[in-house]
Structures are given as structure tokens and as C-alpha cells.
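Peer 1: Pasting a predicted model and its sequence here:
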Amino acid sequence: MTALLRYQGALLLRSQRWLAPFAVYAVFVGIGIQPGDRTLDSLGYAAAGLVPLTAWLVRVCVTAEPPAARACTAAAAGPARVHAAALLTGLAGALLTGVLAAAYPLLAGD
């Protein structure tokens, strides 16, 4: 499973389709969270933005591979494992973004 996760991660990073969700989320957090706001309100705002980011990122991960390459990967490792690796890659990207986004309200909050 580790090899599949590395493969899906490399596909995601190489495709650069992750830039749009992260840019939209950065703008969302940058506009919505102002220095001096209450910390819990800011954390809630940052968490609310993670829902569409996660959905968009998972969609990007699942559709990043061409159908022929996905069929070859599924034949080698099994379709369930390939799909789970794509979902986990999107989730890992969203979790990493959530950790980084939580640092901003904690530092800038009141």
C-alpha cells in the first residue's frame, strides 16, 4: 500500500491540479481570518473551508490517472487498493493543509 500511496502522491504533485484548491483555500482563509479575531471563531472558519477543499482534492486524486493507466494499476494491485490509495492521498493533503491552516489562527488570533 505504501508504494500505491507514493505513486498517487507523485501523480498529484506532478499534475499540479492541486494548486487551484489550495489557492482558493488560502484566499478563503486569508480574507476570512483577520488578526485579532477570537481564536475559536477563526479555527471554525478555517475548518469550514476544509470541507470543500477536501472534496475537491479527493476528486483531483481520483481522476488524476488516465483510464488505461488506472486499469493497469488496478490489475497489478487490485481496484479497491488503488481507489483507497487515491482517497487516502487526497485525505493526507487535506490533513496537512488543515494542520498548516490551524497554525495561522492560533498565531494571529486574540
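Peer 2: Received, thanks.
Peer 1: buried set for stretch 42-50?
Peer 2: Counting neighbours by 16 or more other CB atoms under 10 Å, one finds that the buried residues in stretch 42-50 are 42, 43, 45, 46, 49, 50. Every C-beta, even on glycine, is put in place using the N, C-alpha and C of the backbone.
Peer 1: so how far is that stretch from its chain's centroid?
Peer 2: 14 Å (CA atoms, centre = their mean, to the nearest Å).
Peer 1: From the rest of the structure, what touches that stretch?
Peer 2: 25, 28-29, 32-33, 94, 97-98, 101-102, 104-106, 108-109 (CB atoms under 8 Å, 6 or more residues apart in numbering).
Peer 1: Out of those, which comes closest to residue 9?
Peer 2: Residue 9 has its nearest neighbour among the contacts of stretch 42-50 in residue 94, at 13.1 Å by CB to CB.
Peer 1: for residue 52, what are its contacts?
Peer 2: By CB under 8 Å, 6+ apart, residue 52 lies in contact with nothing.
Peer 1: Next: residue 41.
Peer 2: Residue 41 touches nothing, counting by CB under 8 Å, 6+ apart.
Peer 1: From residue 107, how far off is it?
Peer 2: 15 Å (CB to CB, to the nearest Å).
Peer 1: Likewise for residue 76?
Peer 2: 45 Å.
Peer 1: do the same with residue 67
Peer 2: 44 Å.
Peer 1: swap in residue 55?
Peer 2: Residue 55 is 27 Å from residue 107, by CB to CB.
Peer 1: more crowded one of these two?
Peer 2: Shown here are residue 55 and residue 107; by other CB atoms under 10 Å, residue 55 has more neighbours (13 against 9).
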